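J.: no letters, just coordinates:
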């Protein structure tokens, strides 16, 4: 059995961890969002790739939900004292990874190769792939202007209401090596409970990936990122209300039109019908490892029958 | 009164600190060696510039003699775990500075401008200048091969005996903005008790700086880096024996031929004559702040009469 998970953000990292626990070594491939990658202090930071890597390696800070456990913040404080930017929080342990990745990228390695080497160093049997090695960045359109994702999310505290999302670079972004093969060979295709606009959207904005999902020969199952119509974290419910007109399971399903066979939703959201998509109720809040594995098991059942 | 100090390494940073304490704000300009600059994990590291900056800002680790007090080492450990190089020790606080400098250099600022901004941020009245903004690197010739300075000094533990020193880039390296003006306007020119081959040599390898010293209209006074014919730290005594044939004050003075009016030497080294250079005995070991200020006072007396 081989499984491909499209993932971004905390929900993606957690479901990936649950799936890795259940599946045999080598059976899981995670395709991660790179639309919120950002250059900070001259370093390339890939928050969603790193979230998955840290979660799967046991390094993720469980409380914070991002970055590494046992983190310290000395380099960032020193950089700030010399005039460096410190609006994007980078811990010392985290910086170690960004230094190694940035150096390799500057020397010409594509992001997918750099990621593969990090995965090898972490001793993981799971494959982690960036959606693309090419430049692809999420921009958010608001009444106050259009902002690069992290400028809006972190620097402006995602206060501005979102009127639209633009993925810069889609015209030339190709799927990273391995992504299309993994999708083609998968016995189950999964979409994590991540923000459809901000985390999964940039993956699907790679035309080759969208086509591969549209022409899939296996079931594709998404997990809703809503619980009772509310986002577990982040601004998704506000975005859905404003851009899609509501926060029902049907509204979520509509964002994946043509790509989904089933949507796993929280029991509170299971009442509503979705056009041509099976709604499967399940406890989707991943409070702990047991919940992560429980959801992973349920999603695999829905995908594979 | 305006004073220019040519400096590199620990002796340079300590004498600079003593001089800054004695002189009025704005009277001191330190011209620092950049021959041992190195790129580590993609970051530009300038050990001698930073030693001076940290010493003058009260940030220097007094025990270690380099880097910052209260340092932590988490980023380097994390980088190593992902396959990054860790042979050159970079602390987290130190990294903050390297990140800010490297970003500014990549954006096109010359090293002298970046350094001026760091000095401004530190609130110093002293001017710190790199000898040059251009590429200039010290290489060490040994029986085992020719090595970039830090490869020999740190990575190989400066075990290989040195047959020669080569300064890469001298044919095109110009003095950094401000250096020649400072030398021309100085009422005293000082050379720190730093390794003449490895710390001061790369400064004098900038032809404009050497010429400015040769045609000086004020006294130039060096402090010997030897105490009783032995190096206080580092491999200088071995280098002098092998390359100059001895470790007397005269051997040190000969390395600065045509550039010196007086050489301040340890009392143990005062017996020997040096051709056309006045030898001035003084306690030159800078064990603490009092000793730094005492030596600074003595050197200024020798320079200014």
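T.: It's in. Note that this is a predicted model, so its numbers are computed, not measured.
J.: the strands in chain A, which residues?
T.: A:3-7, A:28-32, A:38-40, A:43-45, A:127-130, A:137-142, A:145-148, A:162-168, A:188-191, A:220-223, A:226-227, A:230-231, A:262-265, A:278-281 (DSSP state E).
J.: for the ones you listed, give me a markdown table that also has mean neighbour count, distance to chain B and mean pLDDT.
T.: C-beta coordinates here come from the backbone N, C-alpha and C atoms, glycine included. Listed next are those as a markdown table, based on neighbours: other C-beta atoms under 10 Å in any protein chain shown; distance: least, C-beta to the nearest C-beta, whole Å; pLDDT from 0 to 100:
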| stretch | mean neighbour count | distance to chain B | mean pLDDT |
| --- | --- | --- | --- |
| strand A:3-7 | 28 | 21 | 98 |
| strand A:28-32 | 28 | 17 | 98 |
| strand A:38-40 | 18 | 9 | 97 |
| strand A:43-45 | 21 | 7 | 98 |
| strand A:127-130 | 24 | 14 | 98 |
| strand A:137-142 | 20 | 19 | 97 |
| strand A:145-148 | 15 | 17 | 97 |
| strand A:162-168 | 17 | 21 | 97 |
| strand A:188-191 | 26 | 27 | 98 |
| strand A:220-223 | 26 | 30 | 98 |
| strand A:226-227 | 20 | 34 | 94 |
| strand A:230-231 | 16 | 31 | 90 |
| strand A:262-265 | 24 | 34 | 96 |
| strand A:278-281 | 16 | 39 | 94 |
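J.: where in the stretch 201-305 of chain A is pLDDT low?
T.: Within the stretch 201-305 of chain A, the segments meeting pLDDT under 70 span A:272-274.
J.: what about the one residue in the stretch 101-250 of chain A that gets nearest to chain B, distance to residue A:42?
T.: Chain B sits closest to residue A:103 of the stretch 101-250 of chain A, with a gap of 3.8 Å, by C-beta to the nearest C-beta. According to C-beta to C-beta, to the nearest Å, residue A:103 and residue A:42 sit 11 Å apart.
J.: one more: residue A:9?
T.: 25 Å.
J.: on that earlier part again, relative to residue B:193, which of the strands of chain A is closest?
T.: Ranking the strands of chain A by proximity to residue B:193 (C-beta to C-beta) places strand A:43-45 first, at 37.7 Å.
J.: tell me the residues of the stretch 1-150 of chain A that contact chain B?
T.: Applying C-beta under 8 Å from any C-beta of the partner chain, we find that the stretch 1-150 of chain A lies next to chain B at A:41-43, A:68, A:71-72, A:74-84, A:91-97, A:99-103, A:106, A:117-118, A:121.
J.: spit out the contact partners of residue A:130.
T.: The neighbours of residue A:130, taking C-beta atoms under 8 Å, 6 or more residues apart in numbering or on different chains as the test, are A:31, A:32, A:34, A:46, A:49, A:111, A:112, A:115, A:176.
J.: ok, residue A:152 - how many residues close by?
T.: Number of residues near residue A:152 (other C-beta atoms under 10 Å in any protein chain shown) recorded here: 24.
J.: repeat that for residue A:186.
T.: As a burial measure, residue A:186 scores 23 neighbours (other C-beta under 10 Å).
J.: likewise for residue A:62?
T.: 10.
J.: roughly how far apart are the closest residue to it other than its chain neighbours and residue A:288?
T.: Nearest residue to residue A:62 in three dimensions, chain neighbours excluded: residue A:69, at 6.9 Å (C-beta to C-beta, 6 or more residues apart in numbering or on different chains). Computed as C-beta to C-beta, the residue A:69 to residue A:288 distance reads 15 Å.
J.: thanks a lot, see you next time.
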